[in-house]
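# Turn this into a structure:
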Amino acid sequence: MDMKDSQRIAAPREVVWAGLNDPEVLKQCIPGCETIEKVSDTEMTAKVTLKIGPVKATFNGKVTLSDLDPPNGYVISGEGAGGAAGHAKGSAKVDLEAAQGEDGAEETILHYDVKAQVGGKIAQLGGRLIDATAKKLAGEFFTKFGEVVAPPPPEQEGETISGTSGEDAPKKGWFSGMFGKKDKEAPAAE
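Got it, this is the predicted structure:
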């Protein structure tokens, strides 16, 4: 199976590079990832449970990074065994290109070129199902990865509750959430 594509990520290249090398970020983003541990600067182990058509399997695998060129890219290679369901082996060339968004913010275009082989029960499912599943998983990964590494939109950073200064907004928001919003002051006692 070969898959080649690009994804635009709303984060600077250095942030994307750091995310691609951070086991905690990867664990959040890889569909079905149960564990991922950094063994060395260039090796990680992972446990991932996936469903491909009617076959559900837990893969225990090893990932190796090579041809490192921070923050421009690397080659990521891996292999995993899923017991009776089969095994997978593959690699991806990842290139990070600095770009600029419409609003002038730094962004990154992540180019990837994947080559993979599967064996066992999974291989018997057929190329179309495997390709469709791989594209779906890649889409899920990049959607989540973009959410994790991208900075929050500007309107969320300095958002305040009306009628408050920025410093008092969290307190008023907390109290109004706790006790109900009170916009009107109680009438003065006569």
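
# alpha carbons only for contacts and neighbour counts from here, please
OK.

# Provide a list of residues in contact with residue 65.
Shown in contact with residue 65 (C-alpha atoms under 8 Å, 6 or more residues apart in numbering): 42-43, 74-77.

# This structure: strands as residue ranges?
Under the criterion DSSP state E, the chain contains strands at 2-9, 33-40, 43-52, 55-69, 73-81, 87-100, 106-119.

# Give me the angle between the first one and strand 106-119.
Okay, so that is strand 2-9. 160 degrees (axes from the mean of the first three to the mean of the last three C-alpha atoms, to 10 degrees).

# same deal with the fifth one?
Between strand 73-81 and strand 106-119, the angle comes out at 30 degrees (the same axes, to 10 degrees).

# mind listing what strand 73-81 pairs with, with the direction of each?
strand 55-69 (antiparallel), strand 87-100 (antiparallel) (DSSP bridges).

# neighbours around residue 132, how many?
12 (other C-alpha atoms under 10 Å).

# quick one: it from residue 61, how far?
Going from residue 132 to residue 61 by C-alpha to C-alpha, to the nearest Å gives 22 Å.

# try residue 75
16 Å.

# cool, and residue 105?
According to C-alpha to C-alpha, residue 105 and residue 61 sit 37 Å apart.

# of the two, who's got more company?
residue 61 (19 against 11).

# ok, now which ones touch the spatially most central residue of the chain?
Nearest to the mean C-alpha position of the chain, counting by C-alpha atoms, centre = their mean, stands residue 145 at 2.2 Å. By C-alpha under 8 Å, 6+ apart, residue 145 lies in contact with 25-26, 28-29.

# who wins for most neighbours among the residues you listed?
Result: residue 29 is most packed of these (other C-alpha under 10 Å), 21 neighbours.

# pretty sure that one is in contact with residue 138, am I right?
No - if you go by C-alpha atoms under 8 Å, residue 29 and residue 138 don't touch, sitting 9.9 Å apart.

# Show me the beta-bridge partners of the nearest residue in space to residue 116 that is not next to it in sequence.
Ranked by C-alpha to C-alpha, 6 or more residues apart in numbering and with sequence neighbours excluded, the top spatial neighbour of residue 116 is residue 90, at 3.9 Å. Beta-bridge partners recorded for residue 90 (DSSP bridges): residue 78, residue 116.

# which residues touch residue 90?
So residue 90 contacts 77-79, 114-117 (C-alpha under 8 Å, 6+ apart).

# Spatially, which two of the contacts of residue 65 are the most separated?
Distances among these were taken as C-alpha to C-alpha; the most separated pair is 43 and 74, at 12.8 Å.

# The two: which is more packed in?
residue 74 (19 against 16).

# in the lengthiest helix in the chain, what counts as buried?
The residue-count maximum for a helix in the chain (DSSP state H) belongs to helix 127-149. Buried positions in helix 127-149, judged by neighbour count with 16 or more other C-alpha atoms under 10 Å: 130, 133-134, 137-138, 141-142, 144-146, 148-149.
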